[in-house]
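Trainee: sequence unavailable; structure follows:
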Ligand code: ASP
């Protein structure tokens, strides 16, 4: 029989109506045996996600009045959900345990993870499945790195004897028994880990949109839906800002052929987007999607005869390494080098210090800093070995009078990255979209 792992996101857990839809979805297909859940998300605009409330509780844990005010919102949210669903679970017991735990915990991870923990406890009763704590099967090393091999064995051994289970997303356990979370949105990653461990036929990722769009619907009205996407294309698009799925979600699935199927809890009839390892033979479009990311700075370094100076690059990059800064792109000319760095890595004095260190290290003729840079990625296997894609992209930008500040194309030819002023980003995405779709 087919085996499916289903992960439901925060909006699917937001209230009783959403949870009842989830129940129908799971019950309508016997192969949906393993269910991973997020913490309840926003019910309406202006609402606060439970995970955000939990992070705030942790920050205020030493200020009783502020902590109590925040925790009472969480308490109310779960109590209401249990009452609305007419469940028998003793949610007060779990809430008391969590409240106490947050006051005592040393790291935000424990607090943040409790949204998923409480939700999975509730969903286990709703679905009539066993609750399995992620801390028992998802492990990190002492250095806090996800321990894929140990986890995979534990997931495979623990879940193979289960008819089905509900597992909280977003966290696992450190060797000392403390809780560690993945980065935000990490329940998608948990779903992939479980799918890998039980060797599911498909990993269904249930969210609140019909699938992966060719571009951001806030920028282009009603963009075309992507029916099939490769792991690689997904990674490029989500890294560059497409937010349907956590960018690391395919890592646990590398080496398998398990597809991810993005589905909409609120429109379960829609077949969604399939994300597969290999799209060879997929007919159709030259490009698969366009995504954009704001918030970059370019540091331009000029030095005559730079190209002849052996070790120049290494010296500059070692300065970045000392600041633990990861470089996004590094277009070079004969006597110029541009470092494209996320603004989030240049907070406080870092930018100033970095420039001084680079000056000291390589003695350039000039250093310029350009702020407000955005990057956009045009992604698709269809464009490799095809003449004309770049021409079409740049013609669209030129016609819209958008100045290109940087161009980068990897030799895999599945993406073209273009740097523009942040003020031009949305227009750039829109004109490129309309040139291709
Ligand atoms: N609840 C966590 C977050 O808001 C994890 C997740 O939903 O995937 O980031």
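Mentor: Arrived safely, thanks for sending. What you see is a predicted model, and the numbers here were worked out from it, not measured in a lab.
Trainee: C-alpha only now, for contacts and for neighbours.
Mentor: Noted.
Trainee: burial count for the residue lying closest to residue 23 once chain neighbours are set aside?
Mentor: Leaving aside its sequence neighbours, residue 23 sits nearest to residue 127 (C-alpha to C-alpha, 6 or more residues apart in numbering; 6.3 Å). Other residues lying near residue 127 total 20 when counted by other C-alpha atoms under 10 Å.
Trainee: residue ranges with poor pLDDT in this protein?
Mentor: 1 (pLDDT under 70).
Trainee: helices of the stretch 1-150 of the chain, start to end?
Mentor: Counting by DSSP state H, counting those that start in this stretch, one finds helices in the stretch 1-150 of the chain at the ranges 16-27, 50-59, 64-84, 91-104, 108-127, 134-137, 148-160.
Trainee: now do the buried residues in the longest one.
Mentor: Going back to what we said before, that points to helix 64-84. 67-68, 70-71, 74-75, 78-79, 81-82 (16 or more other C-alpha atoms under 10 Å).
Trainee: residue 243 looks like it's in a helix, true?
Mentor: No - secondary structure of residue 243 (DSSP: H, G, I helix; E, B strand; the rest coil): coil, not part of a helix.
Trainee: now it: how far from residue 30?
Mentor: 30 Å (C-alpha to C-alpha, to the nearest Å).
Trainee: how long is stretch 10-17 end to end?
Mentor: Start-to-end, stretch 10-17 (C-alpha to C-alpha) is 13 Å.
Trainee: cool, and stretch 132-152?
Mentor: 15 Å.
Trainee: buried ones in it, by neighbour count?
Mentor: Buried residues in stretch 132-152 (16+ other C-alpha under 10 Å): 132-135, 137-140, 146-148, 151-152.
Trainee: check whether it contacts the ligand.
Mentor: No - against the ligand, stretch 132-152 shows no contacts by C-alpha under 6 Å from any ligand atom, the least distance being 13.1 Å.
Trainee: can I assume residue 374 sits in a strand?
Mentor: Yes - assessed with three-state DSSP, residue 374 lies in a strand.
Trainee: how about it: what's its closest non-neighbour residue?
Mentor: With C-alpha to C-alpha, 6+ apart, the residue lying closest to residue 374 is residue 294, at 4.3 Å.
Trainee: do the same with residue 94
Mentor: The spatially closest residue to residue 94, leaving aside those adjacent along the chain, is residue 118, at 7.2 Å (C-alpha to C-alpha, 6+ apart).
Trainee: can you give me the neighbour number for the one you found?
Mentor: For residue 118, the neighbour count with other C-alpha under 10 Å is 20.
Trainee: could you do residue 388 as well?
Mentor: 10.
Trainee: same check, this time on residue 6
Mentor: Residues near residue 6, counting by other C-alpha under 10 Å, number 32.
Trainee: check residue 183 too.
Mentor: Counted by other C-alpha under 10 Å, the residues lying close to residue 183 total 12.
Trainee: can you tell me the element it falls in?
Mentor: For residue 183, there is no helix or strand it lies in under DSSP states H and E.
Trainee: the closest residue to it other than its chain neighbours and the ligand, how far apart?
Mentor: Of all residues not flanking residue 183 in the chain, residue 170 sits nearest, at 7.8 Å (C-alpha to C-alpha, 6+ apart). Residue 170 sits 5 Å away from the ligand, going by C-alpha to the nearest ligand atom, to the nearest Å.
Trainee: so residue 170 sits against residue 192, correct?
Mentor: No - Residue 170 lies out of contact with residue 192 (C-alpha atoms under 8 Å); the separation is 11.3 Å.
Trainee: what are the phi and psi values at the closest residue to residue 186 other than its chain neighbours?
Mentor: Nearest non-adjacent residue to residue 186, counting by C-alpha to C-alpha, 6+ apart: residue 170, 4.7 Å away. Dihedral pair for residue 170: phi 80, psi -20, per degrees, to the nearest 10.
Trainee: and residue 170, how many neighbours?
Mentor: When neighbours are counted by other C-alpha under 10 Å, residue 170 comes out with 30.
Trainee: same check on residue 168?
Mentor: Count around residue 168 with other C-alpha under 10 Å applied: 31.
Trainee: now it: how far from residue 252?
Mentor: In terms of C-alpha to C-alpha, residue 168 sits 17 Å off from residue 252.
Trainee: so what's residue 330 closest to, chain neighbours aside?
Mentor: Here the residue nearest residue 330, using C-alpha to C-alpha, 6+ apart, is residue 339, at 4.9 Å.
Trainee: how about the residues of the stretch 101-250 of the chain near the ligand?
Mentor: Residues of the stretch 101-250 of the chain lying near the ligand (C-alpha under 6 Å from any ligand atom): 170, 184-188.
Trainee: which among those residues count as buried?
Mentor: 170, 185-188.
Trainee: got these as a markdown table, with secondary structure columns?
Mentor: As requested, these are exported to a markdown table (three-state DSSP):
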| residue | secondary structure |
| --- | --- |
| 170 | coil |
| 185 | coil |
| 186 | coil |
| 187 | helix |
| 188 | helix |
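Trainee: neighbours of the residue in the stretch 301-437 of the chain that the ligand sits nearest to, how many?
Mentor: The nearest approach of the stretch 301-437 of the chain to the ligand comes at residue 344, 18.6 Å away (C-alpha to the nearest ligand atom). As a burial measure, residue 344 scores 11 neighbours (other C-alpha under 10 Å).
Trainee: ok, it - contacts?
Mentor: If you count contacts by C-alpha atoms under 8 Å, 6 or more residues apart in numbering, residue 344 has them with residue 295.
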